[in-house]
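[1] need a structure here:
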Amino acid sequence: MKRSSLAIILAAAALGLSACGAPAGNTTANNSANANTTKSQPAAPTADALLAIDQQFLDAWAKADGKFFEANLSDKYVDFWNGHRSGKADIAKMVSETKCDIKSKALSEAQVSRIDDNTYAVSYKGTFDGTCAGPDGKSMKIPSPVRAVSVYVRDGDKWKGVFHGENPILTAPAETGAVPPAEKKEEPKKEEPKAEPSTKEDKKADAPAENKEKPAEAKPDANTEALGKLHSAGWEAFRNKDAKWFEANTTKDLAFADPGGGWHAGQASVIKLWTSDMKCDGITKTSFTDAFASAVSPTVEILTGTGSADGMCDGQKNGPVHTAAFYVKEGDAWKLAFMFESLPIPGA
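    All right, here's what the predicted structure looks like:
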């Protein structure tokens, strides 16, 4: 699934950035999960099957076909790019307004990861040759290759997109200084001016400008505080290299898409990355700010926000990373099942 050419063009600016990705974990929260899990489930989707759906989204994106996105994205869809949250309508509008000239496109290296029986993530490498109109209207080359991840939720006999993210595949990231998370907390407010005078919403207004009806803002759900604290605890476990904590607070199917375009699947592999493989020094404090949770189902939540740590990892300064984390309820506990992190893009 292609979120928009605008997003991937601006992602080119991140090629000189680096930051270390950190995880999250689990705590008890809310009521016990729906215990009726004995009903037989339809077969799990294959990586190729989900990749084929993503190919359809890619074709629609190349043709600026926003109606396809309206029909095939879930109403629960969340986009979290550079600290900006968007929903289904925002993405469909953006796709419709973006003009591209795509000479070639290819998706490869598909891998699927289970979040729960009705929610799956597919990761793949995207390679493109083409241009799209940038924010100033000028033609810009599409960055390539990228690591993309789409999350699909079962909707009757269809799979609908509920999240999409993509990162340039980095080869030699340059050092970058940390940006205090507080400087990023207000970024979501920039979403309000998205509607332009030509949209239906703005045609309502023969009234003075100050009386224009503003679009309703999305509201975080009741699990936001608990999941935000949970994710903050995960960052502390990362700082302390606490593998046992992660074993207790993540699912067996845990997968992680890192900011450098890497894909890591399997609980043991991801925990090893966070607690052993990443060589970190001087981390004395961590944070997770701007938490915002929204439900995909009664037992699956998407948590978005910005994590950060001081110090260095793998020879690079740590800094903020924008995060979309999928939590699954197992009994009375929420556990991290999938996480996507991306780097801030200055000026975007």
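[2] please make it C-alpha for all contacts and neighbour counts, starting now.
    OK.
[3] and the helices in the stretch 151-300 of the chain?
    Assigned by DSSP state H, counting those that start in this stretch, the helices in the stretch 151-300 of the chain fall at 224-240, 243-249, 267-272.
[4] got the CA positions of the shortest one in PDB?
    What that stands for is helix 267-272. Provided in PDB are the C-alpha atoms of helix 267-272 (Å, rounded to 0.1, in the frame of the first residue of the first chain):
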ATOM      1  CA  GLN A 267      10.300 -12.500  19.600                       C
ATOM      2  CA  ALA A 268      13.700 -13.900  20.300                       C
ATOM      3  CA  SER A 269      15.300 -12.100  17.400                       C
ATOM      4  CA  VAL A 270      13.800  -8.700  18.200                       C
ATOM      5  CA  ILE A 271      14.600  -8.900  21.900                       C
ATOM      6  CA  LYS A 272      18.200  -9.900  21.100                       C
END
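[5] could you pull out the strands for the stretch 101-250 of the chain?
    Assigned by DSSP state E, counting those that start in this stretch, the stretch 101-250 of the chain shows strands spanning 119-133, 139-141, 146-155, 158-168, 250-257.
[6] dump those strands to JSON lines, plus mean pLDDT.
    Shown next, in JSON lines, are those (pLDDT from 0 to 100):
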{"stretch": "strand 119-133", "mean pLDDT": "95"}
{"stretch": "strand 139-141", "mean pLDDT": "89"}
{"stretch": "strand 146-155", "mean pLDDT": "97"}
{"stretch": "strand 158-168", "mean pLDDT": "96"}
{"stretch": "strand 250-257", "mean pLDDT": "98"}
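[7] redo the ones you listed as TSV? Include distance to Phe238 and mean neighbour count.
    Output for the strands of the stretch 101-250 of the chain, formatted as TSV (distance: least, C-alpha to C-alpha, whole Å; neighbours: other C-alpha atoms under 10 Å):
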stretch	distance to Phe238	mean neighbour count
strand 119-133	23	21
strand 139-141	37	18
strand 146-155	23	23
strand 158-168	22	24
strand 250-257	13	23
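[8] how about the nearest residue to Ala237, chain neighbours excluded?
    Trp245 (6.8 Å; C-alpha to C-alpha, 6 or more residues apart in numbering).
[9] roughly how far apart are the one you found and Thr251?
    Computed as C-alpha to C-alpha, to the nearest Å, the Trp245 to Thr251 distance reads 12 Å.
[10] ok, the nearest residue to Thr289 once chain neighbours are set aside - how many residues close by?
    Spatial nearest neighbour of Thr289, excluding adjacent residues (C-alpha to C-alpha, 6+ apart): Thr306 at 5.3 Å. Counted with other C-alpha atoms under 10 Å, residues neighbouring Thr306 total 24.
[11] select, out of the strands of the stretch 101-250 of the chain, the one closest to Ser108.
    For Ser108, the closest of the strands of the stretch 101-250 of the chain is strand 119-133, at 5.2 Å, according to C-alpha to C-alpha.
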